[in-house]
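A.B. asks: Would you be able to build a 3D model of this:
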Amino acid sequence: MPVVSLITNERQEREVGILIEQITDALSSEHVLKSIVDGLPSEVIDGVRRSLTVERKELVESLQAYQKAQRGEADELKSRAGDDLGALLVAARVAKGWKQKELARRLFLPEQQVQRYEAERYRSISLGNLIRVARTLGVRLTADISKPVHEPWLPSYEMTLTELQKVLKHARAHGWLDRADQTDESGISQLRRTVAEHVGEYGTPSLLRTGLNVTGHTEDWLLLAWKAQVTRAALKVTQRNRVKYRPLHVSWLNDLVQLSSLDDGPVQARALLFQHGIVLVTEPQIPGMKIDGAAFLVDEVPVIGMTLRLDTIDNFWFTLLHEVAHVILHYRTGLSSGFFDDVDNPEIDELEVEANQFASAILIPDEIWRRSPARITKTAEPIERLAKQLRIAPAIVFGRVRMERQNYKLFPDKIGRGQVRKQFFSQISEVNHEPGT
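C.D. replies: Residues are numbered from 1 along each chain as shown. So this is what the prediction gives:
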């Protein structure tokens, strides 16, 4: 399901209207578009243009739904709210033609309190107050007690004791648990609760795209546990800092790529992404997983998770740019479901192919690559010369040569082995610290 924007107040209405105008200008004027994508390869620009077209369509539909609801035609706004009770309450308030101030007056609350409730979609409100808000808005809350099932908020698949112990061992080694001295029973209980809360709040990854196939992984406990921990780490960042992704600004991609030429480029990349509204979390994979990177949303903030499964410079930068491509190209067309990628496999899914092409082109533009002697050389010098010309890490070009020739015995000492994990995982206390610290 694509990202659904729900406009709930006049300020958001104005902001979305301005953004629609800006995107329309960019799509209708090459001069304006150039200012957004200046210096990017043509293949990347084409992808950005397509993503902006989708973005504009979604924003226009969101704005129209809000304006219709203000006139009493609330079906579209309610549809966009889906099964989210908090969002439905917001839609009901808009449909009544009430501003937040009016609802606050009727509830005998400060306007700021209603603003906070709606900003978090009523997630922290007490049951009593939730019922009070619903009654004030004329919303009927109903409940149905069906045949009891075991922990219905979790996947039906039950982890074996061996799997539970594997996750628990990993969690202890990487600082997931609240207390390191927990017994196995209490540690497992905390892990199960964490996954249950995560699934209840964000659902399960509906697809795992490996390139060989696109399969359902709603019951993959290892993936769920890993994603829950990545989400927890991302929330620590977003709850302390204002993070807003702006799809209209992508010229910083060149700066991101050129960071690869620096020894500490990977950690600098995390800070740069944060500046542009994307949270990068590095979290080792649980043994048995085969995930290199992931991209998904946490409260509409794009999050990139990386396992650093292969500790090489070339793999880090290709995986990172592949996930960045998902954010930029698929923010409205898949990021809410999430992408969980194993880059070892040949990519045949359409969205994965698009992300691969984007990553390849932004790192080494196709036109330059086709003409470069680095493609066919048997020596390192032409490859290093191309890397210097592009101002990127030579390991990236060496990795491209190895991949295209399907010969991973070539230049084994040139891809930056052992140069990435130590920048993120040197000490557990340093794992996933906030950008810029």
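
A.B. asks: Where does pLDDT dip in this protein?
C.D. replies: 1-5, 144-159, 180-181, 203-219, 336-337, 340-349, 426-437 (pLDDT under 70).

A.B. asks: report the longest helix in it, please.
C.D. replies: helix 42-70 (DSSP state H).

A.B. asks: gap between that one and the chain center?
C.D. replies: Offset of helix 42-70 from its chain centre (Cα atoms, centre = their mean, to the nearest Å): 18 Å.

A.B. asks: so what secondary structure elements neighbour that helix?
C.D. replies: helix 10-28, helix 30-37, helix 75-81, helix 85-95, helix 313-330, helix 350-363 (3 or more Cβ pairs under 8 Å, 6 or more residues apart in numbering; DSSP states H and E). C-beta coordinates here come from the backbone N, C-alpha and C atoms, glycine included.

A.B. asks: any idea which of those helices is most buried?
C.D. replies: Comparing those by mean neighbour count (mean count of other Cβ atoms under 10 Å), helix 313-330 ranks first with a mean of 25.

A.B. asks: hmm, back to that, please find the angle between the direction vectors of the longest helix of the chain and helix 85-95.
C.D. replies: Here helix 42-70 points in a direction 60 degrees away from that of helix 85-95 (axes from the mean of the first three to the mean of the last three Cα atoms, to 10 degrees).

A.B. asks: Remind me what the helix or strand containing I383 packs against, helices and strands.
C.D. replies: Using DSSP states H and E, I383 maps to helix 381-390. The helices and strands touching helix 381-390, judged by 3+ Cβ pairs under 8 Å, 6+ apart, are helix 366-371, helix 394-405.

A.B. asks: Give the buried residues for the helix or strand that comes right after the longest one.
C.D. replies: Following helix 394-405 in sequence order, the next helix or strand is helix 421-424 (DSSP H and E). Within helix 421-424, the residues that count as buried by 16 or more other Cβ atoms under 10 Å are 421, 423-424.

A.B. asks: Dump those into TSV; add distance to S124 as well.
C.D. replies: Below are these laid out as TSV (distance: Cβ to Cβ, whole Å):
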residue	distance to S124
R421	37
Q423	36
F424	32
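
A.B. asks: distance of L321 from L280?
C.D. replies: L321 sits 12 Å away from L280, going by Cβ to Cβ, to the nearest Å.

A.B. asks: let me fix that: A374
C.D. replies: In terms of Cβ to Cβ, A374 sits 29 Å off from L280.

A.B. asks: who's more crowded, the two?
C.D. replies: L280 (27 against 24; other Cβ atoms under 10 Å).

A.B. asks: Skipping adjacent residues, who's closest to that one in space?
C.D. replies: In space, and not counting its chain neighbours, L280 is closest to R270: 4.4 Å by Cβ to Cβ, 6 or more residues apart in numbering.

A.B. asks: Backbone dihedrals for the residue nearest to L259 when sequence neighbours are not counted, please?
C.D. replies: Using Cβ to Cβ, 6+ apart and skipping the chain neighbours, the partner closest in space to L259 is G265 (4.1 Å). When quoted as degrees, to the nearest 10, the phi and psi of G265 stand at phi -60, psi -40.

A.B. asks: got it, and G293?
C.D. replies: Residue torsions, per degrees, to the nearest 10, at G293 are phi -150, psi 160.

A.B. asks: now do V250
C.D. replies: The phi/psi pair for V250 (degrees, to the nearest 10) is phi -130, psi 0.

A.B. asks: nearest spatial neighbour of it, skipping sequence neighbours?
C.D. replies: Per Cβ to Cβ, 6+ apart, closest to V250 is V48, 5.6 Å.

A.B. asks: So the one you found is in contact with P41, correct?
C.D. replies: No - in this structure V48 lies outside contact range of P41 using Cβ atoms under 8 Å: 10.6 Å.

A.B. asks: Next, the contact list for the closest residue to K414 other than its chain neighbours, please.
C.D. replies: Sequence neighbours aside, F398 is the residue nearest to K414 in space, at 4.1 Å (criterion: Cβ to Cβ, 6+ apart). Counting by Cβ atoms under 8 Å, 6 or more residues apart in numbering, F398 makes contact with 314, 380, 383, 410-411, 414-415.

A.B. asks: about what we covered before: looking at it, the residue nearest to L259 is touching L256, isn't it?
C.D. replies: No - at 9.2 Å, G265 does not count as touching L256 under the criterion of Cβ under 8 Å.

A.B. asks: quick revisit: may I see the helices and strands packed on helix 381-390 arranged in a markdown table, with distance to Y117 as well?
C.D. replies: Putting those into a markdown table (distance: least, Cβ to Cβ, whole Å) gives the following:
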| stretch | distance to Y117 |
| --- | --- |
| helix 366-371 | 50 |
| helix 394-405 | 48 |
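
A.B. asks: among those, which is the most enclosed?
C.D. replies: Most buried among those, counting by mean count of other Cβ under 10 Å: helix 394-405, with a mean of 21.

A.B. asks: Quick check, R172 in contact with G187.
C.D. replies: Yes - between R172 and G187 there is a contact at 7.0 Å, judged by Cβ under 8 Å.
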